[in-house]
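In: sharing a model that was predicted from the sequence below.
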Amino acid sequence: AQSVTQLGSHVSVSEGALVLLRCNYSSSVPPYLFWYVQYPNQGLQLLLKYTSAATLVKGINGFEAEFKKSETSFHLTKPSAHMSDAAEYFCAVSAASTGGGNKLTFGTGTQLKVEL
Amino acid sequence: DTGVSQDPRHKITKRGQNVTFRCDPISEHNRLYWYRQTLGQGPEFLTYFQNEAQLEKSRLLSDRFSAERPKGSFSTLEIQRTEQGDSAMYLCASSRRGAINTEAFFGQGTRLTVV
């Protein structure tokens, strides 16, 4: 079984400040980890993914995440927040190899607010 | 690449009515997934297809729900005798088969409101 926990359902930062969104995972098999972003009334867009290559993963829009096996974490960061980053962010996990396809198990999401 | 397309974007229905949603995946993708997202929650897996075969169904998918992918291309999700608890965003995603570089691409979803 796999699960992810996102700490903090709402995070507020000032424009230009560091963004840190936390995600911890639980998986009985080697995981693939993903961060998705969702704007209001839209689908999900992939920001970045970890698939057992480099532990520091760079994604779109200046976001990056680091896979830390010892901490079972995959936190999302961005050095400088922009107003356009305001959205809901979801961490997700899938099994690296499975007969169950690549179905994703999502966290409950973190709503990011960016203030002037 | 026109992306994953879902139709309709919004549906309002009366309790007890049947509804059907359609998903057109990215053309070269042979895996197709349905998820349900309720307010304030992350998407929850409902079912997935590899080509035309439905390979897994979540226990969330009650007997009022049925999904098909008859020719391995588009898919439909039908909900019979809708209940207010069915109100949610229904998301479709598609991906290529394989263990690497097979991230799922999501459609914009169908928002269902049962009144």
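Out: Good, I have the coordinates.
In: just for the chain, where's the confidence low?
Out: With no chain named, the answer covers chain A. A:96-101 (pLDDT under 70).
In: please refer instead to chain B.
Out: Applying pLDDT under 70 to chain B flags residues B:1, B:98-101.
In: spatially central residue for it, please.
Out: residue B:34 (3.1 Å; C-alpha atoms, centre = their mean).
In: so residue A:108 is in contact with residue B:40, correct?
Out: Yes. Using C-beta atoms under 8 Å, residue A:108 makes contact with residue B:40 at a distance of 7.4 Å. To be clear about C-beta, it is placed using only N, CA and C from the backbone, and glycine gets the same treatment.
In: who has more neighbours out of the two?
Out: Neighbours per residue (other C-beta atoms under 10 Å in any protein chain shown) separate residue A:108 from residue B:40, with residue A:108 holding more: 14 against 10.
In: distance of that one relative to residue B:48?
Out: 21 Å (C-beta to C-beta, to the nearest Å).
In: returning to that earlier point: next, show the common contact partners of residue A:108 and residue B:40.
Out: residue A:9 (C-beta atoms under 8 Å, 6 or more residues apart in numbering or on different chains).
In: skipping adjacent residues, who's closest to residue B:16 in space?
Out: residue B:81 (5.6 Å; C-beta to C-beta, 6 or more residues apart in numbering or on different chains).
In: ok, now which ones touch the closest residue in space to residue A:31 that isn't next to it in sequence?
Out: Spatial nearest neighbour of residue A:31, excluding adjacent residues (C-beta to C-beta, 6+ apart): residue A:93 at 5.0 Å. Residues in contact with residue A:93, defined by C-beta under 8 Å, 6+ apart, are A:2-4, A:25, A:27, A:31-34, A:104-105.
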